[in-house]
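**Student:** Sequence first, then the predicted structure, then my questions.
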Amino acid sequence: MRFKNIGIRHRSVAGALIALSALVAATPTFAQTAPAAEAKPASDDGDIVVTARKREESLLDTPVALSAFSGESLKSLNATNLADVGKYVPNLNISRYGVGNTAQASVFIRAIGLQDHLITTDPGVGVYLDGVYLGRQLGSNLSLTNIERIEVLRGPQGTLYGRNTLGGAVNIITRKPGSDKGAELTAQVGTRGRINGNFYADTRLSSTFAFSVSGSYERSAGVGDAVNIAAPSARIGEQNDASGRAAAYWTPSDAFSLLASVDFVRARDGQSPYRVDIYDPVAAGFTRATQVRPDDSGTDVPGLETTSLDLFGASLTGEYKVSDAFTAKLLGSYRQTQYTGGLSDTDNISRQSVFPEVGSAEQASVELQVNAELGRFNAVGGLYYFYEDGSNASTPAYFFGGRSDYFIKQRTDSYAAYANGSFDVTDALSIGAGVRYSKDDKRATANFQGSFPGPVTRTASYDAVTAQGNVTYKIARDINVYGTIQLGYQPGSYTPRPFGGPASFNASPKTTATNYEIGFKGKILPNWTVLLSAFTTDYKDRGLPYSFINAAGFNTVIISANARARGIEAESTVTFGGFRLKGSIGYLDSKITRVNSLPPAFFPTGGTPVAGAPTALSPDVTGAVAGSYTYKLGSGAAITGQVDYSYRGEQFGQPVARPTELIAARSLVGFNLKFENAKRDLAVTIYGSNIFNKVYDQGRLDQGGFVGVVVSNDRSEFGLRVTTTFGK
């Protein structure tokens, strides 16, 4: 049950569901199109080619609940980072709570994800950049330049993607050098001090060697001030981000290719907007804990008004065509992340919750992959190794007047072997199966002020065999139905903030999942595509982060619980003439079914996770719709107008239905009006994002008497964007 407000909530959910369903059924889609003219299509429907099963195939032929976005459709949605994508996929929710740093992207799919960011925790959804797993959520809110497409796979993906894909996987695929020769420049100015610029250049230096380079700079002026710091170095919510990527592609023969890339991110931003609410249980309402303006910070700790991120990555992919039937691929990567951040209460309860934070992580991975195409049989198999070493520290930190400094570090070694294949029994019927063995070794050390007599080190090992099976039947050309069973696995996690003492610093059990899913994918008409899926997933020993207070500090522990998630998802696209409409909707029912164990030294206040409680950051209803119309001028130029809408329902900040941690529903509206010249080498766009200036909560944590709330930073913005291409 979801306590007092649940009846009201379910009525609002039902209303939203009916309204959005009608919209999807009548006019389903989003993205941008044009008449048959030369205008670039924003194709993200069934025509798009995806690599969800590590081979190229149509989205309609893939027996996975999958949303795909081309680079053009991302531009039309004003999506500049990964968090923006989270507004348009059913049952996908992206929170940016992470210690005040806007580089955080906590990705939740079908109620599986992780709000925390400390090194001892693992995300529940894997984010991959050109096949490289990104181990840390801080730094994964990447700027979306040089993007070929993004694929969002929903449901356990353990047999192919391995690490931490219990809820799903997000695949970010960049453009390969030599595929889009020429250069592209984009400049953007807007309200709230918006200045953006990015470029992409692709050239072929010889018949066997191509090179590309891209860069991006994003700036916004912020939304508030640190009013109690004499000379703050940044405004609250200010953004100053630079990123770049260079790639080289060498093809000395038809059988062999080598792709190398390096990328970086450097961000010097203001702290995320943050406030403290005090809950009055008698009045059942909140009062603000400060008299400063809503987006101002009342902290008096210099340095907490700023955050930083420095990220570097490199990867090398070699591919060798052994024969017409077999291809081998070796992918190696290295990534390094360093950040600063922190949050603080406001002035009239000063120093009761102050924790500046620094952190770093480095990772390396190697994957050997073999693909086989043998007539009606297709398969992929591989070996995988992943290494990560990182730490987090907070000093000087205070909680309720006492020092709460902490230091925590962890090393992880992960190994896996997998195989996945499909067989076309007939031209209409296909069956598939996969299996994976995974092993994870962890070594963690913690030292917490006032809680530990000295550093405490623990080790843990986990392993599991996961599998999946699927059946796909082609009803007609471009119309398929499928059914799948997927088993998922995630290693346990060490207690992130064990202020309960050494006895509370322990590892949770591994999580296993069983997902049953049926789906429909097809073109009902040549201009109407529909994607449907229904699922139910059972989780055993799911690790649920839960935060509470005691005399020593602000604890975050991992609770072991069984949980269940079930729901439906629909996406639909229709085009007619110059019109294009797209809609998506997801309904999710996710709850705890049993609490298996509470960690030692567990003394929470205000309630604990219990059977029947909702899981965290899991809105019941998610929906989006967008429509565009392209008018072709007599000169060959084109004008395209688009309006888009995104909805996320109510959710709770933690896995307990406490009114203090209820996050209200929110709706966002944006638009584009774009002019393209006849040659399609110049585009001028007037845009608006979050045009009604919806300010919403990203996360809520009850800290015993007051509630810390990280607030959204994507405020209303209007501006002009100009893109020019040359050398095509």
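**Tutor:** In hand now; what should we look at?
**Student:** give me the low-pLDDT residue ranges for the chain?
**Tutor:** Low-confidence segments of the chain (pLDDT under 70): 1-46, 139-141, 162, 281-292, 346-352, 401, 599-607, 705.
**Student:** Let me see the ranges of the helices in it.
**Tutor:** Counting by DSSP state H, the segments of the chain that form helices are 6-26, 71-76, 82-85, 158-161.
**Student:** surely G113 meets T165?
**Tutor:** No - counting by CB atoms under 8 Å, G113 sits too far from T165 to count as a contact (11.5 Å). Yep, even glycine has a C-beta here, placed from its N, CA and C like the rest.
**Student:** who has more neighbours, the two?
**Tutor:** T165 (29 against 24; other CB atoms under 10 Å).
**Student:** Tell me who's in contact with the residue nearest the centre of the chain.
**Tutor:** Centroid-nearest residue in the chain: V107, 3.6 Å away (criterion: CA atoms, centre = their mean). The contact partners of V107, by CB atoms under 8 Å, 6 or more residues apart in numbering, come to 82, 86, 92, 94, 113, 123, 125, 127, 137, 140, 167, 170.
**Student:** surely the second one meets A79?
**Tutor:** No - with contact defined as CB under 8 Å, G86 and A79 do not form a contacting pair (9.4 Å).
**Student:** ok so, going back, shared neighbours of G113 and T165, which are they?
**Tutor:** Counting by CB under 8 Å, 6+ apart, the contacts common to G113 and T165 are V125.
**Student:** Specify the beta-bridge partners of F108.
**Tutor:** N93 (DSSP bridges).
**Student:** what's near enough to touch it?
**Tutor:** Applying CB under 8 Å, 6+ apart, the residues near F108 are 92-95, 124-125, 167, 617-618.
**Student:** Could you save those as a markdown table and add columns showing neighbour count and distance to V370?
**Tutor:** What follows is the contacts of F108, written out as a markdown table (neighbours: other CB atoms under 10 Å; distance: CB to CB, whole Å):
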| residue | neighbour count | distance to V370 |
| --- | --- | --- |
| L92 | 28 | 32 |
| N93 | 23 | 36 |
| I94 | 27 | 34 |
| S95 | 26 | 38 |
| G124 | 26 | 29 |
| V125 | 28 | 26 |
| G167 | 31 | 28 |
| L617 | 27 | 38 |
| S618 | 26 | 38 |
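**Student:** Dump these to CSV, plus distance to K75.
**Tutor:** Converted to CSV, the contacts of F108 look like this (distance: CB to CB, whole Å):
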residue, distance to K75
L92, 19
N93, 23
I94, 19
S95, 24
G124, 29
V125, 24
G167, 27
L617, 28
S618, 29
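**Student:** what ranges do the strands span in the stretch 301-450 of the chain?
**Tutor:** Here the stretch 301-450 of the chain has its strands, by DSSP state E, counting those that start in this stretch, at 306-321, 326-344, 353-374, 377-394, 398-399, 402-403, 406-424, 429-448.
**Student:** out of these, nearest to R219?
**Tutor:** Nearest of these to R219, taken as CB to CB: strand 306-321 at 14.7 Å.
**Student:** Residue most distant from the centroid, this structure?
**Tutor:** Residue farthest from the centre of the chain, counting by CA atoms, centre = their mean, is G634 at 42.4 Å.
**Student:** residues contacting that residue?
**Tutor:** Listed by CB under 8 Å, 6+ apart, G634 has no contact partners.
**Student:** ok, back up a step: and the contacts of V107, which is closest to G708?
**Tutor:** Within these, proximity to G708 (CB to CB) peaks at Q137, which comes in at 18.2 Å.
**Student:** okay if I get the contacts of V107 as JSON lines plus distance to V189?
**Tutor:** Shown next, in JSON lines, are the contacts of V107 (distance: CB to CB, whole Å):
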{"residue": "L82", "distance to V189": "23"}
{"residue": "G86", "distance to V189": "26"}
{"residue": "L92", "distance to V189": "30"}
{"residue": "I94", "distance to V189": "26"}
{"residue": "G113", "distance to V189": "35"}
{"residue": "P123", "distance to V189": "35"}
{"residue": "V125", "distance to V189": "34"}
{"residue": "V127", "distance to V189": "30"}
{"residue": "Q137", "distance to V189": "31"}
{"residue": "S140", "distance to V189": "28"}
{"residue": "G167", "distance to V189": "38"}
{"residue": "V170", "distance to V189": "30"}
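**Student:** among the residues you listed, which are in strands?
**Tutor:** 92, 94, 125, 127, 170 (DSSP state E).
**Student:** May I ask which two of those residues are separated the most?
**Tutor:** Between all members of those, the farthest pair (by CB to CB) comes out as L92 and V127, at 12.0 Å.
**Student:** shouldn't Y88 be in contact with Y647?
**Tutor:** No - counting by CB under 8 Å, Y647 is not a contact partner of Y88; they are 10.4 Å apart.
**Student:** so D424 touches V471, yeah?
**Tutor:** No - with contact defined as CB under 8 Å, D424 does not count as touching V471 (11.7 Å).
**Student:** joint contacts of the two?
**Tutor:** S430.
**Student:** circling back to that earlier point, which of the strands of the stretch 301-450 of the chain sits closest to A683?
**Tutor:** strand 306-321 (29.8 Å).
**Student:** and that closest one, what does it pack onto?
**Tutor:** Using 3 or more CB pairs under 8 Å, 6 or more residues apart in numbering; DSSP states H and E, the elements in contact with strand 306-321 are strand 256-270, strand 326-344.
**Student:** Format those as CSV; extra columns: distance to R293 and mean neighbour count.
**Tutor:** Listed next are those as CSV, based on distance: least, CB to CB, whole Å; neighbours: other CB atoms under 10 Å:
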stretch, distance to R293, mean neighbour count
strand 256-270, 15, 19
strand 326-344, 16, 20
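**Student:** Let me have those in JSON lines, adding distance to N693 as columns.
**Tutor:** Formatted as JSON lines, the helices and strands packed on strand 306-321 follow (distance: least, CB to CB, whole Å):
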{"stretch": "strand 256-270", "distance to N693": "19"}
{"stretch": "strand 326-344", "distance to N693": "24"}
